[in-house]
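S.K.: Test case, fold it:
(one chain, ligands or ions: 1)
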Amino acid sequence: MSPARLELPSGFIFGAGGSAYQMEGAVDADGRGVSIWDRFAAEPGRTRNGETGTVACDFYHRYPGDIGLMKELGLGAFRFSIAWPRVVPSGTGRVNRAGLDFYDRLVDALLAAGIEPYPVLYHWDLPQPLEDAGGWPARATVDAFTAYVEAVLDRLGDRVTSWTTCNEPRVAAFTGYQQGLHAPGRTSLADAMAAAHHLLLAHGRAAQVIRARSPRARVGISLDLTPVYPASDGAADRAAARRLDGLVNRWFLDPLWRGVYPADILAHWRSTPPPVVGDDLLTISRPIDFLGVNMYHRHVVRADPGGGDPVHVPQPAAKHTEMGWEVFPSGLEDLLCRLRTDYRPPSLIVTENGAAYEDVRIHDGRVQDPERRDYLEAHLGSVAAAIRAGVPVDGYFVWALLDNFEWAHGYARRFGIVFVDYPTLERVPKASYYWYRDVIARSRGAASGAG
Ligand code: FCB
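M.R.: This next block holds a predicted model:
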């Protein structure tokens, strides 16, 4: 792809990210409490080879060196999550000053390196005592979250200017409470429906706290949004695509941007409605500053002749990543354009996009990852095309800066542009890291007239 096609506006945010449980390690440090992911990963059979985030990338101790790598990359922003169990170890009550100290140091170190911190307030590590008291299906968890967010804002609100309330409420609710493949491992649709609603409400409440305590900060939420295509032009296949789009995308987009759950999907789930109370939907739909888009692949579906759920249609001729996800870069452009047309968000930020491939460190110690570079280049090209089409996309965050703990897949799925040698925790920038560094430098050079 020619560099010209990767032309991005000046001020475009080039970022990368990671999350607390996936990269920090140090699970017993400085008074951290137990999260649902500590508990879940410790249960036999839940994760690949019983792997856990106990050590992960040891980012908790090694962040200064990692910020050095970010600086060398020319990164504009770093997205990380704050671990609720470090800040409020029991989920409610006492705030742990030492836990907040870590994020204080991290934010200061990022700012000193000229990198904008993009903290996420919830990336799936609910304090275990709250799960024991009912978890996200219990409405009281929203109040506990609000108090935790207040504590974080009181400490970091003077320096952080972009907040993401919640990462992928759909995955937290449905993969964790309905499919049982993520923590806490429950398998109840009713629990998942309640969890999803409470996560959205938690977003709305957190946004209010941020507005009150840090009025100039930008607030957003990250959704996992997957474009859905019908396998044919036939009416039945198109209806199947619409249904799946409703289940995975509109179920979250409509309450956030329109203040209603989509009627077709409410009818589909009529026996387990979301537990809406009072003006919940007003709280959920208060205006926010950006919509974070996490996109990795697409779905192609056809109708089930028996009237059942939409049927996924495999694309054997297409390329797939090691997650088994189809590589479909133009899906990102389609998705961004559709979000602009249907929801008109003031700003879109691609808060996650990236690919897992089996990286091999070759004899000279380097890691060549041409597939990942191609994946990132094509998706960034798709972002550039959406911007040319008039969509307000203000940034792009590679998932991930570092290889890390990929949830139930353990350490077997490497998304990083920096390789982590787990036995030694050594960091090795991959070829994709150098590619990204050059993209960023070229874009800055062009913006300043030097390129
Ligand atoms: C997203 C998660 C992130 C990572 C990527 C691969 O669903 O937000 O933590 O696992 O997928």
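S.K.: tell me the phi and psi of the residue nearest the centre of the chain?
M.R.: The centroid of the chain falls nearest to residue 167 when counting by Cα atoms, centre = their mean (4.7 Å). Phi and psi for residue 167, reported as degrees, to the nearest 10, are phi -100, psi 120.
S.K.: just use 56 as the starting number from now, easier for me
M.R.: Okay, using 56 as the starting number, the last item reads as residue 222.
S.K.: how close does the closest residue to it other than its chain neighbours sit to residue 406?
M.R.: The shortest distance from residue 222 to any non-neighbouring residue, by Cβ to Cβ, 6 or more residues apart in numbering, is to residue 178 (4.3 Å). Heads up, the C-betas are built off the backbone N, CA and C, glycines and all. When distance is defined by Cβ to Cβ, to the nearest Å, residue 178 is 11 Å away from residue 406.
S.K.: Now for those two: what residues contact both?
M.R.: residue 222 (Cβ atoms under 8 Å, 6 or more residues apart in numbering).
S.K.: pretty sure the residue nearest to the centre of the chain is in contact with residue 136, am I right?
M.R.: Yes - using Cβ atoms under 8 Å, residue 222 is in contact with residue 136, at 6.7 Å.
S.K.: residue ranges of the helices in the stretch 406-506 of the chain, please?
M.R.: Counting by DSSP state H, counting those that start in this stretch, the stretch 406-506 of the chain has helices at residues 425-443, 486-502.
S.K.: thinking the residue nearest to residue 222 is in contact with residue 74, fair?
M.R.: Yes - counting by Cβ under 8 Å, residue 74 is a contact partner of residue 178 at 4.0 Å.
S.K.: Mutual contacts of those two, please.
M.R.: 136, 222.
S.K.: in terms of contact, does residue 285 touch residue 293 like I think?
M.R.: Yes - between residue 285 and residue 293 there is a contact under Cβ under 8 Å: 4.6 Å.
S.K.: and for residue 222 and residue 136, which residues touch both?
M.R.: 74, 175, 177-178.
S.K.: who's in contact with stretch 163-174?
M.R.: 68, 70, 72, 118-119, 122-123, 125-126, 130-137, 158, 161-162, 207, 211, 214-219, 406, 452.
S.K.: close to the ligand, is the longest helix that the chain contains?
M.R.: In the chain, assigned by DSSP state H, the helix with the most residues is helix 244-268. No - Helix 244-268 stays clear of the ligand (Cβ under 6 Å from any ligand atom), getting no nearer than 13.3 Å.
S.K.: what mean pLDDT does that helix have?
M.R.: On average, the pLDDT along helix 244-268 is 98.
S.K.: And for stretch 272-291?
M.R.: Mean pLDDT, stretch 272-291: 98.
S.K.: you'd agree residue 401 is up against residue 447?
M.R.: Yes - between residue 401 and residue 447 there is a contact under Cβ under 8 Å: 6.8 Å.
S.K.: These two: which is more packed in?
M.R.: residue 447 (17 against 13; other Cβ atoms under 10 Å).
S.K.: what's near enough to touch the more buried one?
M.R.: 395, 400-403.
S.K.: still on that earlier bit, of residue 178 and residue 406, give the one with the bigger neighbour count.
M.R.: Each of residue 178 and residue 406 has its neighbours counted (other Cβ under 10 Å); residue 406 has more, 28 against 25.
S.K.: From what I see, that one and residue 348 are in contact.
M.R.: Yes - between residue 406 and residue 348 there is a contact under Cβ under 8 Å: 6.4 Å.
S.K.: Which residues are in contact with each of these two?
M.R.: residue 277.
S.K.: ok, residue 142 to residue 265 distance?
M.R.: 15 Å.
S.K.: Next: residue 441.
M.R.: 27 Å.
S.K.: Residue 357 too?
M.R.: Using Cβ to Cβ, one gets 43 Å for the distance from residue 357 to residue 265.
S.K.: out of the two, which sits in the more crowded spot?
M.R.: residue 265 (24 against 18).
S.K.: if I look at the more buried one, how far off is residue 243?
M.R.: In terms of Cβ to Cβ, residue 265 sits 32 Å off from residue 243.
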